[in-house]
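> A structural model of the following input is requested.
(chains A, B, C and D)
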2 protein chains.
Amino acid sequence: MVAELGSPLPAAPSRRERARQATVDEIKATAVDLMREHATTDVRFTDIARVMGMTAPALYRYFDDRDELLSALIVDGFDSLGAAVGDAVRPLDEADLPARWSAASQAYRAWASAEPQMFALILGMPVPGYQAPEEGPTTEAAKAAMSQLSSLFVAAAQRGELRPPLIREVSVSVADCEKSKHDELCDVLPPESFQAMLQTWAMLHGFVSLEAYGHFDWMEPEARDELFRSHMRLAATASGLPVPPA
Amino acid sequence: MVAELGSPLPAAPSRRERARQATVDEIKATAVDLMREHATTDVRFTDIARVMGMTAPALYRYFDDRDELLSALIVDGFDSLGAAVGDAVRPLDEADLPARWSAASQAYRAWASAEPQMFALILGMPVPGYQAPEEGPTTEAAKAAMSQLSSLFVAAAQRGELRPPLIREVSVSVADCEKSKHDELCDVLPPESFQAMLQTWAMLHGFVSLEAYGHFDWMEPEARDELFRSHMRLAATASGLPVPPA
DNA sequence: GCGATACGTTATGCCTCATAACAAACACGA
DNA sequence: TCGTGTTTGTTATGAGGCATAACGTATCGC
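Here you go, the predicted model:
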């Protein structure tokens, strides 16, 4: 034993544990592939196992039942969405808030359009068997994903670039804000800006939902792109986020 | 035969036809009840039949398969949504466009919150087996429901009360408008207003989706109500619809 | 009333979820 | 190196849903 100092390492992953984790990952990846392929959130253990060259009951060694797999996919979905937005924003100049907002919203949109099933899974109708556990892992993941958006408002506020929103009447109080589990916002953001952030999310989500579910299919892609850009320009204008000078 | 003049009557509904129609209606109503009860769009023929005191195979006399029942429910859903909005707007003063917009959006929201499953069915992720037939009955129904919203824009335009929208850069052309199958709009509405209408729909839909699927549950109902009102005020302001003086 | 049609039943086949019982592979200490 | 217990896979089995088939029975129109 050379490494007496092994204690800081978080539970050295044994060979078996790594293999198990790889299988878990493969199951989830296969499930997502099948969802994409069949354009549905309905995924069959049978199919996953067949693609993986296994039999269905083997999957129960890794997930107690279909709902548990679904929960795991939801967590991953939030992570993936949050990561997509984060990756899009990170390389940009911290001072260029319009660019960051544009990139963030485009990433949200692109993720949803690329993976409409995952999008439906995490932000659409709650799945039958699955109910979000109070304070469970999915709640945490959701918070992390959403904070990618809220951090833009915080940054704008801290830089003094956050204008008051178009709609001033405050209907969401500080108490409401705290219930949203994003405590860090409530101190920094004036209530009317927190409210504007929710409205911005609603605007973004509305467009992205309609598009991801095919309700804008009648439009040419270029027109959709332009419509989205103008929609986000409107969102920024209305919420007090900095907008590009042009 | 007293009624020789029967010909204008549209195919006198025979006793049998009425009974059949009643059964069809009961099946659909039972399906909707079960969807509501189980909070899912997944409905079992077995359950429907059990509730109705029948056996499952009997339902196949009325619907070829589950998808056909689903399609029928989708058509009904659009009709119901359109009717809900229409009923809310109809009694109001035709000149009071702010009130009509407020009532229409509230009706849209109330319908979705009362029947989140139906809402998901018609405007959420397309259901696995079901694909919207080109020019099929669901398309027509969808058009009718959406025209409840667009008619507000038309009315405003015809009364000369439609302001130019906040966002002027036109990204949706007349050609795009015509592809939306709402031909009557494209002559009356300037392109920027058609674009604004789409954005208004996206705003409305975004809020309503998030709320219907429980993502605003952390807010008090009163705060949600107020947030919605301010969101719709913003939508009207941004799109050029008349807003209440206050 | 009688023939045709519509409606509902039971019986059946196939598929999926899920569990049980069993077999092979592996890890690890004596 | 070998043996023992754990992990991971298999096949076998049962419950339940979709869908069809085959078969009575009620109802409608003439």
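
> Which neighbouring elements make contact with the helix or strand of chain A with the lowest mean pLDDT?
Ranking every helix and strand in chain A by mean pLDDT, DSSP states H and E puts helix A:174-179 at the bottom, with a mean of 83. Counting contacts by 3 or more Cβ pairs under 8 Å, 6 or more residues apart in numbering or on different chains; DSSP states H and E, helix A:174-179 is packed against helix A:183-188, helix A:191-212. Yep, even glycine has a C-beta here, placed from its N, CA and C like the rest.

> any idea how far the closest residue to residue A:191 other than its chain neighbours is from residue B:238?
Leaving aside its sequence neighbours, residue A:191 sits nearest to residue A:170 (Cβ to Cβ, 6 or more residues apart in numbering or on different chains; 4.8 Å). Distance from residue A:170 to residue B:238, counting by Cβ to Cβ, to the nearest Å: 19 Å.

> ok, back up a step: can you list contacts of the least confident helix or strand of chain A?
Contacts of helix A:174-179 from elsewhere in the structure, counted by Cβ atoms under 8 Å, 6 or more residues apart in numbering or on different chains, are A:185, A:186, A:189, A:191, A:194, B:218, B:219, B:220, B:223.

> contacting residues around residue A:29?
So residue A:29 contacts nothing (Cβ under 8 Å, 6+ apart).

> So which bits of the helix or strand where it lies are buried?
Assigned by DSSP states H and E, residue A:29 belongs to helix A:15-38. By neighbour count on 16 or more other Cβ atoms under 10 Å in any protein chain shown, the buried set for helix A:15-38 is A:23, A:24, A:27, A:28, A:30, A:31, A:32, A:34, A:35.

> so can I have CSV of those showing pLDDT and distance to residue B:124?
Shown next, in CSV, are the buried residues of helix A:15-38 (pLDDT from 0 to 100; distance: Cβ to Cβ, whole Å):
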residue, pLDDT, distance to residue B:124
A:23, 98, 32
A:24, 98, 29
A:27, 98, 26
A:28, 98, 23
A:30, 98, 25
A:31, 98, 20
A:32, 98, 19
A:34, 97, 20
A:35, 96, 15
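
> could I get those as JSON lines with distance to residue A:122?
Below are the buried residues of helix A:15-38 laid out as JSON lines (distance: Cβ to Cβ, whole Å):
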{"residue": "A:23", "distance to residue A:122": "24"}
{"residue": "A:24", "distance to residue A:122": "19"}
{"residue": "A:27", "distance to residue A:122": "18"}
{"residue": "A:28", "distance to residue A:122": "14"}
{"residue": "A:30", "distance to residue A:122": "19"}
{"residue": "A:31", "distance to residue A:122": "14"}
{"residue": "A:32", "distance to residue A:122": "12"}
{"residue": "A:34", "distance to residue A:122": "17"}
{"residue": "A:35", "distance to residue A:122": "12"}
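
> between the residues you listed, which is closest to chain B?
Closest approach to chain B among those (Cβ to the nearest Cβ): residue A:35, at 10.4 Å.

> from the contacts of helix A:174-179, which two are the most distant?
A:189 and B:220 (18.6 Å; Cβ to Cβ).

> between these two, who's got more neighbours?
residue A:189 (23 against 13; other Cβ atoms under 10 Å in any protein chain shown).

> contacting residues for that one?
A:153, A:154, A:157, A:162, A:177, A:197.

> What of residue A:201?
A:146, A:149, B:206, B:210.

> Scan these and report the most crowded one.
Ranking those using other Cβ under 10 Å puts residue B:206 first, with 23 neighbours.

> Could you work out the most separated pair of the contacts of residue A:201?
A:146 and B:206, at 14.1 Å, using Cβ to Cβ across the contacts of residue A:201.

> before we move on, what SS does residue A:54 have?
Classification of residue A:54 using DSSP: H, G, I helix; E, B strand; the rest coil returns coil.

> Which of residue A:170 and residue B:238 has more residues huddled nearby?
residue B:238 (24 against 20).

> helix, strand or coil for the residue nearest the centre of chain A?
The structure's chain A has its C-alpha centroid closest to residue A:81; by Cα atoms, centre = their mean the separation is 3.4 Å. Assigned with three-state DSSP, residue A:81 falls in the helix class.

> Where does chain A get nearest to chain B, which residue?
residue A:206 (2.3 Å).

> Could you find the closest non-adjacent residue to that residue?
Nearest one to residue A:206, counting by Cβ to Cβ, 6+ apart, is residue B:206 at 2.3 Å.

> So what's the predicted local confidence for that neighbour?
If you check residue B:206, the pLDDT there is 97.

> any idea which element the residue nearest to residue A:191 lies in?
Per DSSP H and E, there is no helix or strand for residue A:170.

> Tell me which residues touch it, please.
Residue A:170 neighbours (Cβ under 8 Å, 6+ apart): A:191, A:192, A:195.
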